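**Student:** predicted model follows, preceded by the sequence.
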Amino acid sequence: MRFGVYQVSRKGGREKNEDRMGYCYTRDSGLFALADGMGGHPEGEVAAQLALQTLAGRFQRDAKPRLADPLRFLHDGLIAGHQQLLRYATEKALIDTPRTTLVACVMQGDAAYWAHCGDSRLYLVRGGKLIARTRDHSYSELQETLSQVVPMRERFNRNVLFTCLGSPGKPVVDTTGPLLLEPGDRVLLCSDGLWGPVSDTEITDRLSQQPIHEAVPELVESALRLGGPKCDNVTAIAMEWESSEDRRQRGGVSTRTLGEEVFASTIQASVIGEAGDDLDDAEIERSIKEINEAIRRSSQKKT
């Protein structure tokens, strides 16, 4: 595999950043994920971090070096994150369970597979067109779909979700794939802090017309500007499939020379809640250096 990647997260006008994102990969498979901890419930940042760590841990266990069934992995991984949140709330004797949305994408072979719960989104852009977008698990999106069949009167707030990880009932997890990828395809995962103020048209146009290391930060800045002083956390991670960019620049990654046992990840396994409020490309550059060093050590052991 060869891909370009760029990720950034901004606190915006909130007291803390409850979004988390990251990616991991082996020689033959890559996992990209983003979670948005839900306000109104305790420890949203814990929920987001714990859900991502659970998914990354399962990926490290199952991708040897590829997943046997990517859709099953994604579905079961999100459910495992949900169960981990319930367990955490029980162990901490919390009155309410921390909750989060989550969207995740696996790239393997020449195909993409994805799953989501809540309203964090995936966009897939090809040749200037929006090929695919996840549908939010919100009452407003459901209402929009139903209004094409039955007239609707009351309009729901777009932030009201009917499912998420950590909810009292079993979460709804939608899965899609495989979708065959073409060189130059761009995939964006983002929280509602980005897609809320910024239209699908602008997201598509910028991803089509600019390199991802230019398009993503400009989209984030646009969301912060349009969102105003009380804007939500804004988080995005984007990938370009079979990127032609130099792998040494802007998060370029090639896995073709990796051994079967090599696993790399930017999803932090540190103490929950320690991550900073603003996570930008400097962090990903540090992570890539650590990944490359681990790969170098692995190669030396083999020789």
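**Tutor:** Sure, I can see it.
**Student:** contacts only, for R126.
**Tutor:** Contact analysis of R126 by C-beta atoms under 8 Å, 6 or more residues apart in numbering lists 182, 184-186. (Each C-beta comes from the backbone N, C-alpha and C, glycine too.)
**Student:** repeat the analysis, applying 10 Å as the threshold.
**Tutor:** When contacts are counted by C-beta atoms under 10 Å, 6 or more residues apart in numbering, R126 touches 132, 179, 181-187, 204, 207-208, 241.
**Student:** do the same with S199
**Tutor:** Applying C-beta under 10 Å, 6+ apart to S199 gives the contacts 205, 222, 226.
**Student:** quick check: the closest residue to the first one other than its chain neighbours vs T266, distance?
**Tutor:** Just to be clear, that refers to D205. In space, and not counting its chain neighbours, D205 is closest to G128: 7.9 Å by C-beta to C-beta, 6 or more residues apart in numbering. From G128 over to T266 the distance is 29 Å, taken as C-beta to C-beta, to the nearest Å.
**Student:** so between these two, which is more surrounded?
**Tutor:** When neighbours are counted by other C-beta atoms under 10 Å, T266 comes out ahead of the other of G128 and T266, with 23 against 10.
**Student:** could you list the low-confidence segments of the stretch 101-250 of the chain?
**Tutor:** Low-confidence segments of the stretch 101-250 of the chain (pLDDT under 70): 142-159, 243-250.
**Student:** dump the contacts of R126 into JSON lines; add neighbour count as well.
**Tutor:** Converted to JSON lines, the contacts of R126 look like this (neighbours: other C-beta atoms under 10 Å):
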{"residue": "A132", "neighbour count": "15"}
{"residue": "L179", "neighbour count": "16"}
{"residue": "L181", "neighbour count": "20"}
{"residue": "E182", "neighbour count": "11"}
{"residue": "P183", "neighbour count": "12"}
{"residue": "G184", "neighbour count": "14"}
{"residue": "D185", "neighbour count": "22"}
{"residue": "R186", "neighbour count": "24"}
{"residue": "V187", "neighbour count": "27"}
{"residue": "T204", "neighbour count": "21"}
{"residue": "L207", "neighbour count": "25"}
{"residue": "S208", "neighbour count": "16"}
{"residue": "W241", "neighbour count": "21"}
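**Student:** can you map out the helices along the stretch 101-250 of the chain?
**Tutor:** In the stretch 101-250 of the chain, the helices defined using DSSP state H, counting those that start in this stretch lie at 139-146, 192-195, 200-209, 212-227.
**Student:** need the strands for the stretch 201-303 of the chain, in chain order.
**Tutor:** 234-241, 253-254, 264-265 (DSSP state E, counting those that start in this stretch).
**Student:** so can I have CSV of those showing distance to I95?
**Tutor:** CSV is the format used below for the strands of the stretch 201-303 of the chain (distance: least, C-beta to C-beta, whole Å):
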stretch, distance to I95
strand 234-241, 28
strand 253-254, 43
strand 264-265, 33
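**Student:** between the ones you listed, which one is nearest to D76?
**Tutor:** Of all the strands of the stretch 201-303 of the chain, it is strand 264-265 that lies closest to D76, at 18.7 Å by C-beta to C-beta.
**Student:** neighbours of the closest residue to G77 other than its chain neighbours, how many?
**Tutor:** In this structure, G77 finds its nearest non-sequential neighbour in L55, 4.5 Å apart by C-beta to C-beta, 6+ apart. Neighbourhood size, L55 [other C-beta under 10 Å]: 27.
**Student:** these two touch, right, L55 and A35?
**Tutor:** Yes: contact status for L55 versus A35: in contact at 8.8 Å, counting by C-beta atoms under 10 Å.
**Student:** joint contacts of those two?
**Tutor:** Here L55 and A35 share the contacting residues 22, 78, 81, 102, 104, scored by C-beta under 10 Å, 6+ apart.
**Student:** in which helix or strand does the closest residue to the last one other than its chain neighbours reside?
**Tutor:** Same thing as A104. Spatial nearest neighbour of A104, chain neighbours left out: A33 (4.0 Å); criterion: C-beta to C-beta, 6+ apart. Assigned by DSSP states H and E, A33 belongs to strand 29-37.
**Student:** ok, now which ones touch V106?
**Tutor:** Contact analysis of V106 by C-beta under 10 Å, 6+ apart lists 25, 29-33, 59, 63, 66-67, 70-71, 73-74, 77, 112-115, 177-178.
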